[in-house]
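[1] missing the sequence, but the structure's below:
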């Protein structure tokens, strides 16, 4: 059975059981501070489990894109080395929200696997929760007794809390689970040891394929379990593993999910899959990582050096490194495999097909960049080995520096060391790595108490902020949060005028007050669909009523900037083309930032056209046309664009200003005239195919022009009231350039005259020609002079000091043969002697420089340099 049929069969089966089939949520998570990526099928239903949102359907089934590369669920290092771990995978799942429970979930799982997919029952085992004394939970005999109707009791195994009790996190909904395992070994192996003895023992052919979680408890911050008012079912079955079972292979990578990708990688590399273990691992790594990176980019997450972007960059670089090391790729290659992936999965996941050009361009640019990094890392490694020629061990802190600063992988450092007969101090490396992790953990530590419930909650906080910036509110619940050295409180109201940070718009600030007290709200966040208000202290009377008041000026300026991004989006599509799509935004009361898909730098003329078009729309004073609770299909018929990577409900809010129509939950100006005007401050690239515009509006534009006018007036005054300022500045530049040329020529002549006297001043010390001098030259000329002397004098150790334009410097030159034969190192020398001028520096073994601030120390520096050869 082909993988596409396996997926469709699962969905059709649960559709026949009255489940609503829903689309996969984006793999990249936005309004959830606890997660960067969807790592389980249940993530998109987290609000329902937490009680923050009602369940629209009581029964749901889907296939969800998941990514596991960090935190508790981290499979990255196993990927490619075994047969079943992946970074990105699909999770087939069915859910019940207060509807059916164990009886139906178990029956349907068995029916689908054995009757529909025709899996041999004799190869299956099931596990149920064996109880836990600490939590006071008995064995799950209910699940055990249900399973007895379908499978022999000797195939029903009790599992530990680790294996058979599922928890969302340290706190939150949880419950016992029942796993279905399959034994894929051949008969001879089964005769040697029973499959039940290998369940949950990391055997690559006795594996879990389906987990049925029965959510019935809530884990509190003090670790106690409280029964939930409604019981839920959350199941997950790894799609790739199921394909391995049904296609009768012994590895996920041998299924039609991965083989087309692997065979294309083999073709590009000129190697055969199956001929060499290391090459095979590399092909599996690349195939897996291409999937992860492609879907992440399609969902809006670009590679970067921060948070989720760093994770994606790390995955992609790992793939590049495996291709470089084991498949001999020296040019970008991963992007060339993308069309195969799109052909495989583009029908069910249209976002990857629609974004194909962008994904390919981003991956190609990242490959080019990291291949350069690899080359630079190799040069640094070779330089280190030259400078430490007598050592047999690469220091752990150097190996860590290569990884941490340059992104150079440790296993590649080990491989290169081995080729030179060297080893790497892995204990030192691990220590440096652990210290960094400890620093990161300490910076990220957040201690969050349980919610204290003050009154019965409605299903979700009512947001009234579209219509009013004030409201009478009551506190529904609160909790204390400790982060680093700060303690603050999160408040949830029954209704709120405060907009919670989301969709690129910052959260509102303001106050809540009554006759007795006033509390400052310093931020508002959206966490799992819950509006959370941040305050530095709690009200004295938590049960009192309050008036919530949003900071009107900040709200209005932010709303103006948000509306300006809509007009900007429309103008960009008009000027550059309809390929332009929003890829991110940030709006607050000071400025706006807009990221968009476009493959080249905007010209000055294009920027001016876009700016003029937006300002024209602002002057037209177009009224806000807002429509709420519009069916998503009707909104798209109105011309509103759905952005990839965003999760929309069945009903959406539509914002229209003239011909600009967008799906948007943010706050907006009542008319475009409120924006005042817009000025684009910068346009730049942030990734391959992604541009960023930063702009200001209203009074910020006035302030900008006033500042520019003041600067212009000052320049005009300096130019003695010149009528043609540009011409006068050009004339000054030409004069300056001519003077620079004359000074450079003078310095060159001066240096030439110095050479002979410097050579005559040399001292022969232990076979080394030692020259020191203070010279009245700039740094560039000193460097040229040093290299010229090196060509004329063998066995040279040259130390030149200079003071020019208030800058003090040292330059050290060492002949290559002295580096090799006597172990002299200009970098080490300059680092030591620079202390005499209260400075520091470094460089290569044969040439290095330093800067400082104490010219009186130059003579001491020369004397200290001499100690290296006496």
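    Received the coordinates, thanks. Quick caveat, the model's predicted, so the values are computed rather than measured. Numbering: from 1, shown residues only.
[2] helix or strand next in line after the longest helix anywhere in the chain, which one?
    Assignment by DSSP state H gives helix 725-760 as the longest helix of the chain. Counting by DSSP states H and E, the next helix or strand C-terminal to helix 725-760 is strand 763-765.
[3] now for residue 325: which residues touch it?
    By CB atoms under 8 Å, 6 or more residues apart in numbering, the residues touching residue 325 are 282, 412, 415. C-beta: built from backbone N, CA, C; applies to glycine.
[4] specify which member of these is nearest to residue 658.
    residue 282 (53.7 Å; CB to CB).
[5] excluding its backbone neighbours, what's nearest residue 846?
    residue 814 (5.1 Å; CB to CB, 6 or more residues apart in numbering).
[6] and that neighbour, what is it in contact with?
    796-798, 824-826, 829, 845-847.
[7] which residue ranges of the stretch 601-750 of the chain form helices?
    All helices of the stretch 601-750 of the chain, identified by DSSP state H, counting those that start in this stretch, fall at 604-619, 632-637, 699-718, 725-760.
[8] residues in contact with the shortest one?
    This means helix 632-637. Outside helix 632-637, the residues touching it (CB under 8 Å, 6+ apart) are 627, 642, 648-652, 654, 663.
[9] pLDDT below threshold where in the stretch 651-800 of the chain?
    Along the stretch 651-800 of the chain, the parts satisfying pLDDT under 70 run over 747.
[10] if you set the cut-off to 90 instead, what comes out?
    Regions of the stretch 651-800 of the chain meeting the criterion pLDDT under 90 cover residues 651, 686-690, 708-709, 711-760, 775-782, 784, 788, 791-792.
[11] let's see which of the contacts of residue 325 end up in strands.
    Counted as lying in strands by DSSP state E, out of those, is not a single one.
[12] top of the residues you listed by neighbour count?
    Among these, residue 282 has the most neighbours (other CB atoms under 10 Å), with 24 neighbours.
[13] can you check the pLDDT for it?
    Note for residue 282: predicted pLDDT of 94.
[14] how much space between it and residue 672?
    55 Å (CB to CB, to the nearest Å).
[15] with residue 809 instead?
    With CB to CB as the criterion, residue 809 and residue 672 are 57 Å apart.
[16] ok, residue 231 next?
    For residue 231, the distance to residue 672 - CB to CB - is 51 Å.
[17] okay, those two: which has more neighbours?
    residue 672 (27 against 18).
[18] any figure for the gap between that one and residue 184?
    On the measure of CB to CB, residue 672 and residue 184 end up 64 Å apart.
[19] can you pull out the strands in the stretch 101-250 of the chain?
    124-129, 156-159, 165-167, 172-183, 206-219, 225-238 (DSSP state E, counting those that start in this stretch).
[20] now the helices for the stretch 401-550 of the chain?
    Using DSSP H, counting those that start in this stretch, helices in the stretch 401-550 of the chain cover 410-419, 426-444.
[21] now the shortest one: buried residues?
    When you say that, I think you mean helix 410-419. The neighbour-count check on helix 410-419 (16 or more other CB atoms under 10 Å) flags 410, 412-414, 416-417 as buried.
[22] lowest-confidence helix or strand of this protein?
    strand 73-74 (a mean of 50; mean pLDDT, DSSP states H and E).
[23] give me the residues contacting stretch 602-616.
    564, 567-568, 571-572, 574-576, 677-680, 683, 691.
[24] okay if I get those as JSON lines plus distance to residue 29 and neighbour count?
    Below are the contacts of stretch 602-616 laid out as JSON lines (distance: CB to CB, whole Å; neighbours: other CB atoms under 10 Å):
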{"residue": "564", "distance to residue 29": "27", "neighbour count": "28"}
{"residue": "567", "distance to residue 29": "29", "neighbour count": "24"}
{"residue": "568", "distance to residue 29": "26", "neighbour count": "25"}
{"residue": "571", "distance to residue 29": "31", "neighbour count": "22"}
{"residue": "572", "distance to residue 29": "27", "neighbour count": "26"}
{"residue": "574", "distance to residue 29": "33", "neighbour count": "14"}
{"residue": "575", "distance to residue 29": "33", "neighbour count": "18"}
{"residue": "576", "distance to residue 29": "30", "neighbour count": "19"}
{"residue": "677", "distance to residue 29": "36", "neighbour count": "18"}
{"residue": "678", "distance to residue 29": "32", "neighbour count": "27"}
{"residue": "679", "distance to residue 29": "34", "neighbour count": "17"}
{"residue": "680", "distance to residue 29": "31", "neighbour count": "18"}
{"residue": "683", "distance to residue 29": "29", "neighbour count": "19"}
{"residue": "691", "distance to residue 29": "25", "neighbour count": "22"}
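[25] which one of these sits closest to residue 787?
    Taking the contacts of stretch 602-616 together and measuring to residue 787 by CB to CB, the closest member is residue 683, at 40.9 Å.
[26] that closest one pairs with what?
    residue 693 (DSSP bridges).
[27] ok, it touching residue 693?
    Yes: counting by CB atoms under 8 Å, residue 693 is a contact partner of residue 683 at 5.3 Å.
[28] please tell me I have it right and residue 400 contacts residue 435.
    No: look at residue 400 against residue 435 with CB under 8 Å: they stay out of range, at 9.1 Å.
[29] neighbour count winner among those two?
    Between residue 400 and residue 435, residue 400 has the larger neighbour count (other CB under 10 Å), namely 21 against 11.
[30] ok, that one - contacts?
    Here residue 400 is in contact with 410, 428-429, 432-433, 436 (CB under 8 Å, 6+ apart).
[31] I figured residue 158 hits residue 127, correct?
    Yes: shown here, residue 158 and residue 127 form a contact pair, counting by CB under 8 Å, at 7.1 Å.
[32] between the two, which contacts overlap?
    residue 164.
[33] pick out whichever of these two has more residues nearby.
    The residue with more neighbours, out of residue 158 and residue 127, is residue 127; 26 against 14, by other CB under 10 Å.
[34] how near is that one to residue 156?
    For residue 127, the distance to residue 156 - CB to CB - is 8 Å.
[35] low-confidence stretches in the stretch 501-650 of the chain?
    Using pLDDT under 90, the stretch 501-650 of the chain drops low at 502-503, 526-530, 579, 581, 583-584, 597, 599-600, 632-633, 636-637, 639-650.
[36] quick one, strands of it?
    Counting by DSSP E, counting those that start in this stretch, the stretch 501-650 of the chain has these strands, from start to end: 510-513, 518-527, 530-535, 545-550, 582-587, 592-597, 625-631.
[37] now distance to residue 363 too, for these, in JSON lines please.
    Output for those, formatted as JSON lines (distance: least, CB to CB, whole Å):
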{"stretch": "strand 510-513", "distance to residue 363": "44"}
{"stretch": "strand 518-527", "distance to residue 363": "31"}
{"stretch": "strand 530-535", "distance to residue 363": "36"}
{"stretch": "strand 545-550", "distance to residue 363": "43"}
{"stretch": "strand 582-587", "distance to residue 363": "15"}
{"stretch": "strand 592-597", "distance to residue 363": "15"}
{"stretch": "strand 625-631", "distance to residue 363": "36"}
